[in-house]
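Participant: here is my input; please provide its structure:
(2 chains)
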Amino acid sequence: MKKILITGLIAGCILFILSYGGLYLGVRYFPGLFVDYDNPLFNSDGSRDILFYLHAFIISFALSWFWARFKTMFKGTLIMRGLEFGVVYAIIALLPVMWISFSSLDITVIMVISWFLYGLAQAIIAGLVFAKINP
Amino acid sequence: MLIKIICWVPVFLFVTGFTYPNQPEKENAPIRWVISQNSSLSVNGSTNVNKFSCVIPAYDRTDTLTVSSKKDPGVTLSGTIGLNISSFDCHNSGMTKQLRKTLNEKQYPLLRIRFLSLNKLPELTAQPEVITGMVIIEIAGVSKHFEIKYQIDRDNQKTIHLVGSRVINFSDFNLVPPKKLGGMIKTKDELSVEFHMNIKTI
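Facilitator: Just a heads-up that it's a prediction; the model follows:
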(Lines give C-alpha, C1' and ligand atoms only; values in the text may rest on other atoms or scores of the structure.)
Protein backbone atom coordinates (compact mmCIF):
# COMPACT_ATOMS: atom_id res chain seq x y z
CA MET A 1 0.00 0.00 0.00
CA LYS A 2 2.84 2.35 0.93
CA LYS A 3 4.54 1.60 -2.39
CA ILE A 4 1.31 2.39 -4.26
CA LEU A 5 0.97 5.73 -2.47
CA ILE A 6 4.60 6.73 -2.99
CA THR A 7 4.67 5.83 -6.69
CA GLY A 8 1.28 7.51 -7.08
CA LEU A 9 2.59 10.68 -5.45
CA ILE A 10 5.76 10.75 -7.57
CA ALA A 11 3.78 10.12 -10.77
CA GLY A 12 1.26 12.76 -9.62
CA CYS A 13 3.95 15.41 -9.26
CA ILE A 14 5.43 14.59 -12.68
CA LEU A 15 1.98 14.54 -14.32
CA PHE A 16 1.03 17.80 -12.63
CA ILE A 17 4.00 19.59 -14.18
CA LEU A 18 3.70 17.97 -17.60
CA SER A 19 -0.11 18.10 -17.87
CA TYR A 20 -0.68 21.68 -16.81
CA GLY A 21 2.56 22.85 -18.41
CA GLY A 22 1.39 21.23 -21.65
CA LEU A 23 -2.06 22.76 -21.27
CA TYR A 24 -0.55 26.20 -20.68
CA LEU A 25 1.60 25.89 -23.80
CA GLY A 26 -1.38 24.55 -25.76
CA VAL A 27 -3.50 27.59 -24.80
CA ARG A 28 -0.61 29.90 -25.64
CA TYR A 29 0.43 28.45 -29.00
CA PHE A 30 -2.79 26.81 -30.26
CA PRO A 31 -5.49 29.17 -28.91
CA GLY A 32 -7.94 28.17 -31.65
CA LEU A 33 -8.30 24.73 -30.07
CA PHE A 34 -9.67 26.28 -26.89
CA VAL A 35 -12.28 28.71 -28.25
CA ASP A 36 -15.14 26.26 -27.70
CA TYR A 37 -14.43 26.05 -23.99
CA ASP A 38 -16.09 29.48 -23.59
CA ASN A 39 -19.35 27.69 -22.95
CA PRO A 40 -21.52 27.34 -19.81
CA LEU A 41 -20.93 23.58 -20.05
CA PHE A 42 -17.59 24.26 -18.39
CA ASN A 43 -17.36 25.66 -14.89
CA SER A 44 -16.56 29.37 -15.04
CA ASP A 45 -16.69 30.75 -11.50
CA GLY A 46 -13.44 29.18 -10.27
CA SER A 47 -15.22 27.26 -7.52
CA ARG A 48 -13.85 23.93 -8.77
CA ASP A 49 -10.34 25.02 -9.75
CA ILE A 50 -8.77 23.05 -6.89
CA LEU A 51 -10.50 19.89 -8.13
CA PHE A 52 -9.29 20.60 -11.65
CA TYR A 53 -5.67 20.84 -10.52
CA LEU A 54 -5.97 17.74 -8.31
CA HIS A 55 -6.82 15.64 -11.35
CA ALA A 56 -3.15 14.76 -11.97
CA PHE A 57 -2.95 13.19 -8.50
CA ILE A 58 -6.33 11.43 -8.75
CA ILE A 59 -5.37 9.69 -11.99
CA SER A 60 -1.87 8.91 -10.67
CA PHE A 61 -3.09 7.20 -7.50
CA ALA A 62 -5.71 5.24 -9.45
CA LEU A 63 -3.18 4.14 -12.07
CA SER A 64 -0.62 3.34 -9.37
CA TRP A 65 -3.05 0.89 -7.81
CA PHE A 66 -3.88 -0.55 -11.25
CA TRP A 67 -0.16 -0.96 -12.01
CA ALA A 68 0.55 -2.70 -8.68
CA ARG A 69 -2.35 -5.10 -9.32
CA PHE A 70 -1.55 -5.99 -12.94
CA LYS A 71 2.11 -5.08 -13.52
CA THR A 72 3.15 -8.71 -14.06
CA MET A 73 1.03 -8.75 -17.22
CA PHE A 74 3.08 -5.95 -18.84
CA LYS A 75 6.25 -7.48 -20.22
CA GLY A 76 9.24 -6.22 -22.20
CA THR A 77 11.43 -3.13 -21.89
CA LEU A 78 10.58 -0.16 -19.68
CA ILE A 79 9.29 1.81 -22.65
CA MET A 80 7.18 -1.07 -23.96
CA ARG A 81 5.64 -1.67 -20.55
CA GLY A 82 4.82 2.03 -20.14
CA LEU A 83 3.32 2.25 -23.64
CA GLU A 84 1.24 -0.90 -23.26
CA PHE A 85 -0.02 0.25 -19.87
CA GLY A 86 -1.11 3.57 -21.34
CA VAL A 87 -2.86 1.96 -24.30
CA VAL A 88 -4.67 -0.55 -22.07
CA TYR A 89 -5.94 2.29 -19.84
CA ALA A 90 -7.02 4.31 -22.88
CA ILE A 91 -8.99 1.42 -24.39
CA ILE A 92 -10.60 0.25 -21.16
CA ALA A 93 -11.34 3.55 -19.46
CA LEU A 94 -10.97 6.50 -21.82
CA LEU A 95 -12.64 5.22 -24.98
CA PRO A 96 -16.03 4.37 -23.38
CA VAL A 97 -16.03 7.60 -21.35
CA MET A 98 -15.23 9.71 -24.42
CA TRP A 99 -17.93 7.87 -26.35
CA ILE A 100 -20.64 8.57 -23.79
CA SER A 101 -19.40 12.17 -23.35
CA PHE A 102 -19.61 12.95 -27.05
CA SER A 103 -22.98 11.28 -27.40
CA SER A 104 -24.57 13.13 -24.50
CA LEU A 105 -22.84 16.52 -24.20
CA ASP A 106 -22.75 19.49 -26.53
CA ILE A 107 -19.02 19.15 -27.24
CA THR A 108 -17.00 18.96 -30.45
CA VAL A 109 -15.13 16.00 -31.99
CA ILE A 110 -11.88 17.95 -31.60
CA MET A 111 -12.50 18.29 -27.86
CA VAL A 112 -13.16 14.56 -27.44
CA ILE A 113 -10.11 13.57 -29.51
CA SER A 114 -7.90 16.00 -27.59
CA TRP A 115 -9.17 14.65 -24.24
CA PHE A 116 -8.51 11.08 -25.42
CA LEU A 117 -4.95 11.91 -26.50
CA TYR A 118 -4.36 13.91 -23.31
CA GLY A 119 -5.47 10.95 -21.14
CA LEU A 120 -3.44 8.50 -23.24
CA ALA A 121 -0.30 10.65 -22.85
CA GLN A 122 -0.89 10.91 -19.09
CA ALA A 123 -1.29 7.13 -18.76
CA ILE A 124 1.85 6.40 -20.84
CA ILE A 125 3.91 8.84 -18.72
CA ALA A 126 2.51 7.31 -15.53
CA GLY A 127 3.26 3.80 -16.91
CA LEU A 128 6.86 4.77 -17.62
CA VAL A 129 7.25 6.18 -14.09
CA PHE A 130 5.75 3.03 -12.53
CA ALA A 131 7.89 0.71 -14.69
CA LYS A 132 10.95 2.63 -13.52
CA ILE A 133 10.28 2.94 -9.78
CA ASN A 134 7.98 -0.03 -9.13
CA PRO A 135 8.99 -2.64 -11.73
CA MET B 1 -52.25 113.93 -22.88
CA LEU B 2 -49.01 113.28 -21.01
CA ILE B 3 -50.93 111.54 -18.25
CA LYS B 4 -52.65 109.36 -20.87
CA ILE B 5 -49.30 108.38 -22.36
CA ILE B 6 -47.90 107.63 -18.93
CA CYS B 7 -50.92 105.42 -18.24
CA TRP B 8 -50.58 103.54 -21.52
CA VAL B 9 -46.86 102.82 -21.10
CA PRO B 10 -47.38 100.14 -18.39
CA VAL B 11 -50.17 98.61 -20.47
CA PHE B 12 -47.89 98.49 -23.53
CA LEU B 13 -45.06 97.00 -21.49
CA PHE B 14 -47.44 94.46 -19.95
CA VAL B 15 -48.71 93.29 -23.32
CA THR B 16 -45.35 93.19 -25.10
CA GLY B 17 -43.63 91.78 -22.04
CA PHE B 18 -45.74 88.62 -22.34
CA THR B 19 -45.43 88.37 -26.08
CA TYR B 20 -41.66 88.34 -26.63
CA PRO B 21 -40.59 85.57 -24.27
CA ASN B 22 -43.02 83.20 -26.01
CA GLN B 23 -40.83 82.97 -29.09
CA PRO B 24 -37.74 81.32 -27.51
CA GLU B 25 -40.01 78.93 -25.58
CA LYS B 26 -41.40 77.68 -28.88
CA GLU B 27 -37.86 77.02 -30.10
CA ASN B 28 -37.19 75.03 -26.93
CA ALA B 29 -40.27 72.87 -27.29
CA PRO B 30 -39.39 69.21 -26.67
CA ILE B 31 -38.64 67.12 -29.73
CA ARG B 32 -39.70 63.50 -29.78
CA TRP B 33 -37.42 60.90 -31.33
CA VAL B 34 -38.86 57.49 -32.13
CA ILE B 35 -36.30 54.70 -32.22
CA SER B 36 -36.79 52.42 -35.23
CA GLN B 37 -36.79 48.66 -34.95
CA ASN B 38 -33.74 48.31 -37.18
CA SER B 39 -31.52 49.74 -34.45
CA SER B 40 -28.79 47.48 -33.07
CA LEU B 41 -26.31 47.03 -30.24
CA SER B 42 -22.99 45.21 -30.24
CA VAL B 43 -20.67 44.15 -27.47
CA ASN B 44 -17.05 43.35 -28.28
CA GLY B 45 -14.70 41.64 -25.90
CA SER B 46 -11.84 39.20 -25.79
CA THR B 47 -10.42 36.21 -23.98
CA ASN B 48 -6.81 35.08 -23.96
CA VAL B 49 -7.68 32.68 -26.83
CA ASN B 50 -10.00 34.73 -29.05
CA LYS B 51 -12.05 37.86 -29.61
CA PHE B 52 -15.81 37.85 -29.63
CA SER B 53 -18.48 40.12 -30.96
CA CYS B 54 -22.01 39.72 -29.73
CA VAL B 55 -24.87 41.62 -31.34
CA ILE B 56 -28.50 42.36 -30.82
CA PRO B 57 -29.14 42.77 -34.54
CA ALA B 58 -32.61 44.30 -34.39
CA TYR B 59 -34.24 46.33 -31.65
CA ASP B 60 -37.57 44.64 -31.04
CA ARG B 61 -39.44 47.58 -29.48
CA THR B 62 -40.44 51.10 -30.42
CA ASP B 63 -39.31 53.51 -27.75
CA THR B 64 -39.35 57.29 -27.69
CA LEU B 65 -36.69 59.73 -26.55
CA THR B 66 -37.47 63.32 -25.70
CA VAL B 67 -34.97 66.06 -26.48
CA SER B 68 -35.39 69.34 -24.71
CA SER B 69 -32.95 72.24 -24.54
CA LYS B 70 -34.58 74.12 -21.67
CA LYS B 71 -31.87 73.23 -19.24
CA ASP B 72 -28.67 75.26 -19.44
CA PRO B 73 -25.98 74.26 -20.09
CA GLY B 74 -26.58 71.23 -22.28
CA VAL B 75 -29.65 69.45 -23.49
CA THR B 76 -31.94 67.11 -21.64
CA LEU B 77 -32.43 63.79 -23.37
CA SER B 78 -34.91 61.60 -21.62
CA GLY B 79 -36.09 58.10 -22.34
CA THR B 80 -35.03 54.54 -21.81
CA ILE B 81 -34.37 51.67 -24.15
CA GLY B 82 -34.59 48.09 -22.96
CA LEU B 83 -32.75 45.31 -24.75
CA ASN B 84 -33.46 41.62 -24.29
CA ILE B 85 -30.34 39.76 -23.17
CA SER B 86 -31.80 36.69 -24.90
CA SER B 87 -31.48 38.53 -28.24
CA PHE B 88 -27.66 38.54 -28.06
CA ASP B 89 -25.98 36.50 -30.77
CA CYS B 90 -22.22 35.84 -30.51
CA HIS B 91 -22.09 33.77 -33.75
CA ASN B 92 -21.12 30.73 -31.66
CA SER B 93 -23.82 28.95 -29.66
CA GLY B 94 -21.53 28.21 -26.70
CA MET B 95 -20.35 31.80 -26.42
CA THR B 96 -23.89 33.12 -26.79
CA LYS B 97 -25.03 30.91 -23.92
CA GLN B 98 -21.99 31.96 -21.88
CA LEU B 99 -22.64 35.69 -22.36
CA ARG B 100 -26.30 35.29 -21.40
CA LYS B 101 -25.29 33.32 -18.32
CA THR B 102 -22.60 35.87 -17.36
CA LEU B 103 -25.13 38.72 -17.68
CA ASN B 104 -27.48 36.73 -15.44
CA GLU B 105 -30.24 36.62 -18.04
CA LYS B 106 -32.60 34.46 -15.98
CA GLN B 107 -32.80 37.01 -13.18
CA TYR B 108 -32.28 40.17 -15.22
CA PRO B 109 -33.58 39.62 -18.76
CA LEU B 110 -33.17 43.28 -19.84
CA LEU B 111 -30.20 45.53 -20.43
CA ARG B 112 -31.40 49.12 -20.07
CA ILE B 113 -29.89 52.34 -21.32
CA ARG B 114 -31.45 55.43 -19.77
CA PHE B 115 -30.60 58.64 -21.60
CA LEU B 116 -30.02 61.72 -19.46
CA SER B 117 -28.39 64.52 -21.42
CA LEU B 118 -26.44 65.73 -24.42
CA ASN B 119 -23.68 68.31 -24.22
CA LYS B 120 -25.38 70.29 -27.01
CA LEU B 121 -28.31 70.20 -29.37
CA PRO B 122 -27.15 68.39 -32.53
CA GLU B 123 -27.43 70.24 -35.81
CA LEU B 124 -28.69 67.12 -37.61
CA THR B 125 -27.03 67.50 -40.98
CA ALA B 126 -25.67 64.87 -43.37
CA GLN B 127 -22.24 65.57 -41.93
CA PRO B 128 -21.66 63.36 -38.84
CA GLU B 129 -21.29 65.44 -35.70
CA VAL B 130 -19.53 64.24 -32.58
CA ILE B 131 -21.26 65.03 -29.31
CA THR B 132 -21.25 63.56 -25.84
CA GLY B 133 -23.95 62.74 -23.37
CA MET B 134 -24.69 61.09 -20.08
CA VAL B 135 -26.55 57.80 -19.75
CA ILE B 136 -27.28 55.26 -17.07
CA ILE B 137 -26.56 51.69 -18.16
CA GLU B 138 -28.26 48.97 -16.17
CA ILE B 139 -26.95 45.43 -16.45
CA ALA B 140 -27.77 42.56 -14.11
CA GLY B 141 -29.66 44.88 -11.80
CA VAL B 142 -26.74 47.30 -11.33
CA SER B 143 -26.96 50.86 -12.71
CA LYS B 144 -23.97 53.03 -13.54
CA HIS B 145 -23.59 56.54 -14.96
CA PHE B 146 -21.43 56.81 -18.07
CA GLU B 147 -20.44 59.54 -20.44
CA ILE B 148 -21.07 58.31 -23.97
CA LYS B 149 -19.47 59.56 -27.15
CA TYR B 150 -22.03 59.90 -29.93
CA GLN B 151 -21.78 60.40 -33.63
CA ILE B 152 -24.98 61.81 -35.04
CA ASP B 153 -26.19 62.68 -38.53
CA ARG B 154 -29.39 62.85 -40.56
CA ASP B 155 -29.76 61.24 -44.00
CA ASN B 156 -31.91 62.20 -47.02
CA GLN B 157 -34.86 60.18 -45.70
CA LYS B 158 -34.78 62.37 -42.56
CA THR B 159 -33.65 59.40 -40.48
CA ILE B 160 -31.33 60.36 -37.65
CA HIS B 161 -28.44 57.94 -37.07
CA LEU B 162 -27.17 58.05 -33.51
CA VAL B 163 -24.11 55.88 -32.89
CA GLY B 164 -22.97 55.69 -29.30
CA SER B 165 -19.92 53.89 -28.00
CA ARG B 166 -18.34 53.31 -24.64
CA VAL B 167 -15.88 50.92 -23.01
CA ILE B 168 -17.28 49.33 -19.87
CA ASN B 169 -16.11 46.58 -17.54
CA PHE B 170 -17.88 43.47 -16.29
CA SER B 171 -16.74 44.53 -12.83
CA ASP B 172 -18.60 47.88 -13.15
CA PHE B 173 -21.77 45.81 -12.77
CA ASN B 174 -20.44 43.42 -10.12
CA LEU B 175 -20.14 40.71 -12.76
CA VAL B 176 -17.22 38.29 -12.84
CA PRO B 177 -15.78 37.61 -16.30
CA PRO B 178 -15.83 33.86 -16.92
CA LYS B 179 -12.68 31.74 -16.69
CA LYS B 180 -12.32 28.15 -17.75
CA LEU B 181 -10.01 25.17 -17.19
CA GLY B 182 -8.74 26.35 -13.85
CA GLY B 183 -8.21 29.89 -15.10
CA MET B 184 -6.18 28.90 -18.17
CA ILE B 185 -8.84 30.52 -20.38
CA LYS B 186 -9.81 33.96 -19.12
CA THR B 187 -12.27 36.52 -20.43
CA LYS B 188 -10.96 40.07 -20.12
CA ASP B 189 -12.89 42.46 -17.91
CA GLU B 190 -13.17 45.12 -20.62
CA LEU B 191 -16.08 45.26 -23.06
CA SER B 192 -16.68 47.72 -25.84
CA VAL B 193 -20.35 48.57 -26.26
CA GLU B 194 -21.66 50.27 -29.38
CA PHE B 195 -25.24 51.01 -30.26
CA HIS B 196 -26.60 52.27 -33.54
CA MET B 197 -30.03 53.85 -33.33
CA ASN B 198 -32.09 54.88 -36.29
CA ILE B 199 -34.45 57.61 -35.22
CA LYS B 200 -37.42 59.43 -36.73
CA THR B 201 -38.59 62.77 -35.44
CA ILE B 202 -42.29 63.19 -34.62
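
Participant: residue 84: what's it in contact with?
Facilitator: Unless you meant another one, I'm taking chain A. Taking C-beta atoms under 8 Å, 6 or more residues apart in numbering or on different chains, we find A:E84 in contact with A:74, A:76, A:127. For glycine as for every other residue, the C-beta is placed from the backbone atoms N, C-alpha and C.

Participant: correction: the question concerned chain B.
Facilitator: Per C-beta under 8 Å, 6+ apart, neighbours of B:N84: B:56, B:60, B:109-111.

Participant: and the residues you listed as CSV, adding secondary structure and distance to A:L54?
Facilitator: Listed next are the contacts of B:N84 as CSV, based on DSSP: H, G, I helix; E, B strand; the rest coil; distance: C-beta to C-beta, whole Å:
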residue, secondary structure, distance to A:L54
B:I56, strand, 41
B:D60, coil, 46
B:P109, coil, 37
B:L110, strand, 40
B:L111, strand, 38
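
Participant: you'd agree A:N39 is in a helix?
Facilitator: No. Secondary structure of A:N39 (DSSP: H, G, I helix; E, B strand; the rest coil): coil, not part of a helix.

Participant: how close does it get to A:R81?
Facilitator: The spacing between A:N39 and A:R81, counted by C-beta to C-beta, to the nearest Å, is 39 Å.

Participant: nearest spatial neighbour of A:W67, skipping sequence neighbours?
Facilitator: Counting by C-beta to C-beta, 6 or more residues apart in numbering or on different chains, A:W67 lies nearest to A:F130, which is 4.2 Å off, once chain neighbours are set aside.

Participant: now do the SS call for the one you found.
Facilitator: Relying on three-state DSSP, one would call A:F130 helix.

Participant: number of nearby residues for it?
Facilitator: For A:F130, the neighbour count with other C-beta atoms under 10 Å in any protein chain shown is 27.

Participant: need the pLDDT of it.
Facilitator: Listed pLDDT for A:F130 reads 96.

Participant: same check, this time on B:T19
Facilitator: 46.

Participant: now swap in B:N22 and tell me
Facilitator: For B:N22, the model assigns a pLDDT of 42.

Participant: list the contacts of the closest residue to chain B within chain A.
Facilitator: Among all residues of chain A, A:N39 sits closest to chain B, at 3.2 Å; criterion: C-beta to the nearest C-beta. Counting by C-beta under 8 Å, 6+ apart, A:N39 makes contact with A:106, B:94-95, B:97-98.
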